[in-house]
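J.: Give me the fold of what follows.
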Amino acid sequence: MATLDFTFVAHSNKKSYIRFLTIFAVLVLSYGCKKKTKMSEVTEQRPNVIFVLMDDMGYGQFGVHNDTLKTSDFDPYFVHLVDSLQHYSLEESLEFSKTAMPTVSKLAREGVYFTNAFTSSSLCAPSRMGIATGVLQNRFGVYRNTDAEKRGIDRGNHLATKMRDLGYKTAHIGKWHIGQFDDSMLKNALAKNGLSDTLTLPNIRKSHPEVYDELINGGYLGSTAEKHHPLNHGFDYFYGYNYWASQFYNATNVWENKVHAGIQEDYNTDTFTTKALNFIEKQVDDDEPFYVQLHYHAVHDSLEPKAPAKYFDRFSSNSYDLNNFYAHLYGVDENIKRVVAFLKSKNQYENTIIIFSSDNGAMAGGSYHGHKTGSPLPGNAPYSGHKGNYYQGGVRVPLFVHWPKGIKNPYHSKHLVSAMDIIPTALDAAGGEVPNDIDGKSLLPILRDENSLPIHEELYWAGIHSNRWGYTIVKTTKTHDNEAEFAPPAWAIVKGDYLLRFTGTLENGVYKDFLDGREPVFELFNLKNDPKEKNDLATLMPEVVFEMQKTYFKNTSDFKPPTRWDIKKWEELQKPSPDFDKLIFKD
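T.: Numbering: from 1, shown residues only. Predicted structure coming up:
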């Protein structure tokens, strides 16, 4: 604003002086209003963010990917098990995958959806830590679920904290699973009943079932230690559970902020959505931008509980399991439809970013305890493997970003991206600064230009290569309960068209194809020509193996020892082959 000259005031009469003060006040107020309006306009331009995360949803179960998928693309061993154990139609499973999520599929096609997206682990708790921090969780010493559950997340590391620092109101709703239980509940229950404080939960369940029931009904399996609680990691509101799963009906392990929510009687997909909408409505009414993590329980584990009839009746094959799985997916879709309708009713739809993904690949097929069936075909098709291993099926996931105001040219992207990029993208879109010392990157350049440069040259993983969580359990002498304790360690890297995987020692008597055990091996696959990883190229292309191995170890030198995992297995992953002659290849 220009400087005003006050020298004339001394020569003015009183009336002129009053007139001057009036004009001056109007000018000041006018300037202030203009400044306030500009700030308000900036605030209005900041997008809201809703981050939807599925639990164990496979790449092939997301219909957008399946426009050209054929039943011949299904994993043949998975198909064999379906034919012999479950008897549902391959054609119907493919059709259901295409039609179960019409709302979500529409959002994906109207945004940017990624066909080359990976998560940071094939297991849920490690991947959720990687997603939350934007840092590959191995750098914290996390390789298995038990590592993440024991170690938990460090204060200040959850990127939601940075969203809140930007003025966003934040909420986490649904599955948390990145920290310890509140063990004060356990100690108090033992003290109250005069029991030894050395008893563990399995001991209590066996010897004192009444105390065990008291803990379960009080929400212990879902509680969160104070140091790992969402409210201490960037969130203003929490409604969910700190565990690998929650009952679809009558859940007892759900908490609201730091208070046990009692019995959650209704279907949890509906309930979680209602809680999210209640939170969003308050922020809209208060004219506050919001960041909401809506992390559904669906479709974790086998889905024995029947979905509500309003979802189940959409599917009519002869297989209860097939119908029920896709009914639960349809339930998620109908709830996302509720979110979209609400955003439109509040004029928030155009400038709300909706991000959708899964924590890892599908828990596909297999037979657990004689009755659990895992999730059905297509599973992770066209890729092999499943949750818990480092075939593509374990780590390749659905991922899209929908943002009408920010994405002008919707398309599907082949860029190599990671679920660790999700919250950095939200930060960037909100006007914040993405930390330069994390593995995650902002996807904004890709959202704006399909010809943008790559944001990742390679991605890499380390952990257990387990058969426990899917159809390959049948290829072992172990069960769903104990195979993971025998599973070999593995690391993998994807760069360009290639995936290199190192798998550690196979123990004697565990894997039917290698009952005498097996030495560690390298395997190399061209993912473009061989997405099912059937043709190992390691012996034909040793120079590629060597270079990719060198890249892996260069970028993972700061991986910390595991918090709880077997240290000897981790040590197998720390030994790079020094030259071509010492490389070990699969027979």
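J.: In stretch 451-468, which residues are buried?
T.: By neighbour count with 16 or more other CB atoms under 10 Å, stretch 451-468 contains the buried residues 455-456, 458-468. Just so you know, the C-beta spots here come from the backbone N, C-alpha and C atoms, and that holds for glycine as well.
J.: same question for that stretch, mean pLDDT?
T.: Averaging pLDDT along stretch 451-468 gives 97.
J.: now swap in stretch 524-544 and tell me
T.: 96.
J.: How about residues contacting that stretch?
T.: With contacts defined as CB atoms under 8 Å, 6 or more residues apart in numbering, stretch 524-544 is touched by 75, 382-385, 391-392, 494, 497-501, 522-523, 545, 548, 580, 583, 585-586.
J.: Return the subset of those residues lying in helices.
T.: Judged by DSSP state H, those include 392, 545, 548 as members of helices.
J.: The second one: what's it in contact with?
T.: Put plainly, it is Val545. 500, 522, 524, 538, 583.
J.: Distance-wise, check the third one relative to Pro542.
T.: So that's Leu524. Per CB to CB, to the nearest Å, Leu524 is found 9 Å from Pro542.
J.: again, but for the second one
T.: Here the distance between Phe522 and Pro542 works out to 9 Å (CB to CB).
J.: Among these two, which residue is more densely surrounded?
T.: Using other CB atoms under 10 Å, the more surrounded residue of Phe522 and Pro542 is Phe522, with 21 against 17.
J.: The nearest residue to the more buried one once chain neighbours are set aside: neighbour count?
T.: Leaving aside its sequence neighbours, Phe522 sits nearest to Ala538 (CB to CB, 6 or more residues apart in numbering; 5.0 Å). Per other CB under 10 Å, the neighbour tally for Ala538 reads 19.
J.: Assign Ala538 to helix, strand or coil.
T.: Three-state call for Ala538 (DSSP: H, G, I helix; E, B strand; the rest coil): coil.
J.: and the most centrally placed residue in the chain, what does it touch?
T.: Nearest residue to the geometric centre of the chain (CA atoms, centre = their mean): Asp359, 3.2 Å. By CB under 8 Å, 6+ apart, the residues touching Asp359 are 53-56, 119, 124, 127-128, 131, 397, 419.
J.: As JSON lines, those residues with distance to His229, pLDDT and neighbour count would be great.
T.: Listed next are these as JSON lines, based on distance: CB to CB, whole Å; pLDDT from 0 to 100; neighbours: other CB atoms under 10 Å:
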{"residue": "Leu53", "distance to His229": "19", "pLDDT": "98", "neighbour count": "24"}
{"residue": "Met54", "distance to His229": "23", "pLDDT": "98", "neighbour count": "26"}
{"residue": "Asp55", "distance to His229": "20", "pLDDT": "98", "neighbour count": "24"}
{"residue": "Asp56", "distance to His229": "24", "pLDDT": "97", "neighbour count": "26"}
{"residue": "Thr119", "distance to His229": "24", "pLDDT": "98", "neighbour count": "29"}
{"residue": "Cys124", "distance to His229": "19", "pLDDT": "97", "neighbour count": "27"}
{"residue": "Ser127", "distance to His229": "20", "pLDDT": "98", "neighbour count": "32"}
{"residue": "Arg128", "distance to His229": "15", "pLDDT": "98", "neighbour count": "27"}
{"residue": "Ile131", "distance to His229": "18", "pLDDT": "98", "neighbour count": "29"}
{"residue": "Val397", "distance to His229": "27", "pLDDT": "98", "neighbour count": "27"}
{"residue": "Ala419", "distance to His229": "23", "pLDDT": "98", "neighbour count": "27"}
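J.: for the residues you listed, which one is nearest Glu95?
T.: Set against Glu95, the nearest of these by CB to CB is Met54 (20.1 Å).
J.: Skip the chain neighbours and tell me the closest residue to that closest one.
T.: Nearest to Met54 is Ser358, by CB to CB, 6+ apart, at 4.3 Å.
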